[in-house]
Structures are given as structure tokens and as C-alpha cells.
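My questions are about this predicted structure, shown below with the sequence.
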Amino acid sequence: MKLLWITNRMSSDLCSTTLDAFRLGLQELGHQVTLISPQPNELTKNENDNIFLPRSSIRGLQSWSFGRSVQKFLQHTPPVWDCIVADWSVSSFVLSYSIQHQLPMTLIDRSPPADRSILASLQWRLWKRAWRNVKKSRIHHGFVVSPAHGELIESKIGLLPTHYSILGAGVDVKLFQPSTINLPARPIKFVYHGRLDKHRGILALVILISRLNEAGIQSQLTCIGEGDAMDELATYMQTCDFIFVKGRCSREQIAEELKHHHIGCLPMPNHRVWNVASPLKRSEYLASGLMVIGIDHSGHRISNINQHGFFLASQQDFHETMVNWVNALDFAYFSEWKTYASNFACEHLSWDYIVKQLEQRLQRVVDSKDS
């Protein structure tokens, strides 16, 4: 297949990990993928199959300005592809081109809008418009990240399950692998990587580690990333010796760091944005052989996994429940869990597995055009 993939994400964005995995995976399966994304500098340039187009630097205008750039570019571009794959945020700018040239189009929705601002309310309108076009079959198919994500769209738009497919977050199992060294049971080493934002529950992890140490359970927490909780985390680092903060790291650095911890953390609260998510870090923790703890909601749950080393607790009594769970934890089991978790990730969560699902659905969309 020849695919045109249009995304509003820049390659430097941490969230581009999923896009990179999809694109490279499809290319390894023999498909040609042309990517249109925001320009990395002031000059529009093309590199191999990358097409960079202008986008405003003003938050709130980025999707619109990039969509207009895509629209202008396509006006003078012949339809040499078999299928278009577009982010929901720019799909409306591509739709007329798709219809005009009878070129099937699919929608990628890796995350609905955040809903805590006026800007987000405008994004929700654009999001609903995109999925209504799927419902009307003007866009041929959609992709979501989780069953809860699909259920949200069904409730908001009245979409049928046949109109979308679930593509969760995967993991590069060649990069994220468990350490061959059995780590000591004390201190118990917790880790979180991703955005260090307050609304992601990062500070709740600090409280948990503090309570564990107060209970005589020697523990430490490493946070990897950047965000608006950095000042508070820096203050904690000055007053206690069990909180460590590392800045933004490469995927390779994160994979190496995870090997030296026991437990990966999913602190994102029980909120609509996180309820429909499929966090990359969950898959990466498991591939790295870590036990996993977090807030119990649909965005964190994973089916068919052994609950002994994958433990979620309600937000209301998260700290008390987790202190009791860690206190009762048998770390003699840790070596056995590492093997189990990494095997589980290889079988159910690898990008190879997920990209194959994507390929099969896109092929059906392309084939339906000729039927």
C-alpha cells in the first residue's frame, strides 16, 4: 500500500513515539508511508518521505494553521496514494481532497481533547465533527486507543463498534527489556516517566513514597520528564533523600533507567482524559519486567494479566491500600515476575503485534474501494 499519513504532531514531540512505531512498522512490512507533519524550522522542506508544512506557534491556532497548510499543499498534489490516515485535529481539512479523488480516508484518534479550558471546549467541537464524518462514512474508518475510548465515542456520537478499531499503546520489546540482575529488595525503587504535570497525579506519588518510608518501608521514587510539577518536586528533593528527578530522556535512556527499578507507577487520576487512555509507559514498564501500581480506572486496566504484580487501587484510598500492598509484597517473587511481565508484553503489547492489526484494517479499507 501507498499511504499518506497526516499528523499535527512534530517529530520532537514525546507523543510521536506511537506515530514512529506505526510508520516504521508499516514500512518494514513493505508499505510506503508519506508523512506530512509540522515543519521543524522556518523553512518548509522535504526529506525522503517526510513533508514538512508551516504551523502557527500560537497555542489554539496550531491545528487550524497546519490544517490550512495541508489543504493548500494538497490542492496542487496528485492523488498517488491508496489511502489517507489523518489525525482527528486536521481531518476536516483533508476531507474534500479525499472525496474529490475518491481516496479512502481513515481517522487516527490517539487522545480526545483535554477538557479543562476554553480552548479544549473548541477542540471538542472539532473532535465531534471528525467522528461524525466517520459515522456518515465520509471517513471510512477510525482508530481509538482503548475499549473505553470507543465507548466514549459511541455515547457522544452514536457510532457503531464496526466503525472503529482499537489500537492500544505498544512497546519496542527489543529496546525495553528486563535487567538480568536481581535488584535488592530495599530500598524499593519506584519509577514514573512521562509528563511531570500536577494534573497527572505526580505529587500523589510523592505522598505515597513519604508514607512508605514513615511506615518503615525503605522506598525511593525517580521521576523522569518535564512539567509544571517540577518546582514542587525540586522542593521535595531539597528536604528528603528519597525523591529523584531526571529531566527529559531519550527512549534509550528511559529503557536503561527502568532496568534499575522494581515498580512502575500509573498515577493519572480517575478523570475522563485518562479513563480512555492507553499509556505507553504501562507497556514499557511490563516489557522492562517491572511490577506496576496505579489508580484503578479503565485507562490503566489491562485484561488477562496476573494481578499479583499489576495492582490498581481506588483513588479514594490509594495511599493506604498501596502501603499495605507493598508491605505484604514478597520480593522473592520479583525474579519470576520479571520473566512473566516481559513475556506478556512480547505476546500482547509489542508494536509488531499492533502494527499488524493496523495493516490488516487499512488493507480492508483499501480493498473496499475497489469492491
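Received it, and whenever you're ready, just let me know what you need.

from here on, contacts and neighbour counts on C-alpha atoms
Noted.

Quickly note the distance from residue 221 to residue 176.
Distance check for residue 221 against residue 176: by CA to CA, to the nearest Å, it reads 20 Å.

and if you look at residue 68?
Taken as CA to CA, the span from residue 68 to residue 176 is 38 Å.

neighbours around residue 34, how many?
Residue 34 has 18 neighbouring residues, counting by other CA atoms under 10 Å.

next one: residue 342
23.

hang on, it packs against residue 288?
Yes: Residue 342 lies in contact with residue 288 (CA atoms under 8 Å); the separation is 6.2 Å.

Helix, strand, or coil at residue 34?
Residue 34 falls in the strand class when you classify it by DSSP: H, G, I helix; E, B strand; the rest coil.

Is it correct that it is in contact with residue 7?
No: Residue 34 is beyond contact range of residue 7, at 10.9 Å (criterion: CA under 8 Å).

host element of the residue lying farthest from the centre of the chain?
No residue in the chain sits farther from the centre than residue 216, which is 35.2 Å out by CA atoms, centre = their mean. Using DSSP states H and E, residue 216 falls within no helix or strand.

from now on call the first residue 834
Renumbered: residue one is now 834, and that last one reads residue 1049.

thinking again about what came up before, joint contacts of residue 1175 and residue 1121?
1010-1011 (CA atoms under 8 Å, 6 or more residues apart in numbering).

what are the phi and psi values for the residue farthest from the centre of the chain?
Per-residue torsions, residue 1049: phi 80, psi 10 (degrees, to the nearest 10).

From residue 915, how far out is it?
61 Å.

do the same with residue 851
For residue 851, the distance to residue 915 (CA to CA) stands at 22 Å.

of those two, who's got more company?
The neighbour comparison of residue 851 against residue 915 (other CA under 10 Å) goes to residue 915, with 20 against 16.

Could you give the bridge partners of the closest residue to the more buried one other than its chain neighbours?
Among residues not flanking residue 915 along the chain, residue 835 sits closest, at 5.2 Å (CA to CA, 6 or more residues apart in numbering). With DSSP bridges as the criterion, residue 835 is bridged to residue 865.

quick revisit: what about residue 901 and residue 1009, which has more around it?
For residue 901 versus residue 1009, neighbours defined as other CA under 10 Å are more numerous around residue 1009 (25 against 18).

Can you verify my assumption that residue 1066 contacts residue 1075?
No: assessed by CA under 8 Å, residue 1066 is found out of contact with residue 1075, at 11.3 Å.

Report the buried residues of the helix or strand residue 1036 falls within.
Element membership for residue 1036, per DSSP H and E: helix 1035-1047. By 16 or more other CA atoms under 10 Å, the buried positions in helix 1035-1047 come out as 1035-1039, 1041-1045.

same thing with stretch 997-1008?
Those would be 997-1006, for stretch 997-1008 by 16+ other CA under 10 Å.

farthest pair in those residues?
997 and 1006 (26.4 Å; CA to CA).

since we're on residue 970, how many residues are nearby?
A count of nearby residues for residue 970, using other CA under 10 Å, gives 12.

got it, and residue 853?
Residues near residue 853, counting by other CA under 10 Å, number 12.

same thing with residue 930?
A total of 19 residues lie near residue 930 under the criterion other CA under 10 Å.

Please apply the same query to the one 3 residues further on.
When counting by other CA under 10 Å, one arrives at 9 neighbours for residue 933.

Show the pLDDT at it.
Listed pLDDT for residue 933 reads 95.

Ramachandran angles for it?
Residue torsions, per degrees, to the nearest 10, at residue 933 are phi -60, psi -40.

go on, the one 5 residues further on?
Listed backbone geometry of residue 938 is phi -130, psi 140, with angles given as degrees, to the nearest 10.

name the element the closest residue to residue 966 other than its chain neighbours belongs to?
Spatial nearest neighbour of residue 966, excluding adjacent residues (CA to CA, 6+ apart): residue 972 at 5.5 Å. Counting by DSSP H and E, no helix or strand carries residue 972.

Isn't residue 997 up against residue 972?
No: if you go by CA under 8 Å, residue 997 and residue 972 don't touch, sitting 10.7 Å apart.
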